[in-house]
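1. Build me a model from this:
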Amino acid sequence: MTRESDSTSRDHDAQPAADAGSDTRLQRSNRRVAIAVFGGVVAMTGMAYAAVPLYELFCQVTGYGGTTQRAEASFGEVIDRKITVRFDGNVNAALPWKFGPEVRSVTLKMGETTQMAYSATNQGAAATVGTSTFNVTPFEAGAYFNKIDCFCFTEQPLASGESVEMPVVFFVDPDMDKDPKLKHIKEITLSYTFFPAKQPETPVAARSDATGTRDNL
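-> Coordinates of the predicted model:
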């Protein structure tokens, strides 16, 4: 009886110790899971903030979605293969402008630098400010379409009835000729769309007081 009692006593004493050890392991496991979840949330938050600039960088590098490239100057290499570039202009309905290219198309050799222009006229009764977005089609050609000078993403103010000419200087990278997916491409379309940006602020010197006189500030 004594041996059985001692054995039973040891079993009872070991059970709380086992339970305590199990609880400790469970707490450690829960902490690891919590730390992993927190780290995942932090990482996802960082990715969310970085998504837009990373996407823009991805588009610029790959030409994804018809995004063109920026260049300080042409590469200097010109090859015999010719490409026709067509120009398209559109205006958002909220902007009372007439906007379009001065020429509809131009044919040039790959690597050859060319300048053309778009023109815009404010047909509204008040001054307005516009800004443009752009792309090229086919989208795959965006990686090879290089703009040296462009008015895209620049705020353009126009008084009522005012017109402006906006130049575009560009070239098509000769490396396009080495791309087997674009061997059949003979035309590229460059398209701009203008949207309203903001209303121009009235200069302080042009504001009138209640008597109709201007402030002299």
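2. List the buried residues of stretch 186-197.
-> By neighbour count, and taking 16 or more other C-beta atoms under 10 Å as the criterion, the buried residues in stretch 186-197 are 188-194, 196-197. (C-beta placed from N, C-alpha, C; glycine too.)
3. Grab the two from those residues that are most spread out in space.
-> I188 and P196 (28.1 Å; C-beta to C-beta).
4. what's across from I188 in the sheet?
-> V85 (DSSP bridges).
5. With M116 instead?
-> According to DSSP bridges, the residues that bridge with M116 are V168.
6. and it, what does it touch?
-> For M116, the set of contacting residues under the criterion of C-beta atoms under 8 Å, 6 or more residues apart in numbering consists of 87, 101-103, 106, 167-168.
7. Closest one of those residues to I79?
-> Checking those against I79 by C-beta to C-beta gives V106 as the nearest, at 16.9 Å.
8. So which bits of stretch 115-123 are buried?
-> 116, 118, 120, 122.
9. what sits against the last one?
-> Spelled out, it's N122. By C-beta under 8 Å, 6+ apart, the residues touching N122 are 96-97, 128, 158-163.
10. among those, who's most crowded?
-> Within the contacts of N122, most neighbours by other C-beta atoms under 10 Å means T128, with 24 neighbours.
11. circling back to that earlier point, most widely separated two among the buried residues of stretch 115-123?
-> M116 and N122 (21.5 Å).
12. Please enumerate the strands of the protein.
-> Counting by DSSP state E, residue ranges of the strands within the chain are 69-70, 82-91, 97-101, 105-109, 114-122, 128-137, 145-149, 156-158, 163-172, 187-196.
13. mind putting these in TSV, distance to K178 and mean pLDDT included?
-> TSV is the format used below for the strands of the chain (distance: least, C-beta to C-beta, whole Å; pLDDT from 0 to 100):
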stretch	distance to K178	mean pLDDT
strand 69-70	16	60
strand 82-91	14	97
strand 97-101	29	97
strand 105-109	15	97
strand 114-122	21	96
strand 128-137	18	93
strand 145-149	15	90
strand 156-158	37	96
strand 163-172	13	95
strand 187-196	16	96
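14. for these, which one sits closest to D179?
-> strand 163-172 (11.5 Å).
15. ok and the closest one relative to strand 105-109, angle-wise?
-> Between strand 163-172 and strand 105-109, the angle formed by their directions is 30 degrees, by axes from the mean of the first three to the mean of the last three C-alpha atoms, to 10 degrees.
16. Could you shift the numbering so residue one becomes 16, and keep it that way?
-> Got it, first residue is 16 now, which makes that one strand 178-187.
17. So what touches strand 178-187?
-> With C-beta under 8 Å, 6+ apart as the contact definition, strand 178-187 has outside contacts at 83, 86, 89-90, 98, 100, 117, 123, 125-137, 156, 159-166, 171, 173, 203, 205.
18. ditto for stretch 98-107
-> The list of residues contacting stretch 98-107 from outside it, by C-beta under 8 Å, 6+ apart, reads 112-116, 118-125, 129, 131, 133, 145, 185, 187, 191, 200-211.
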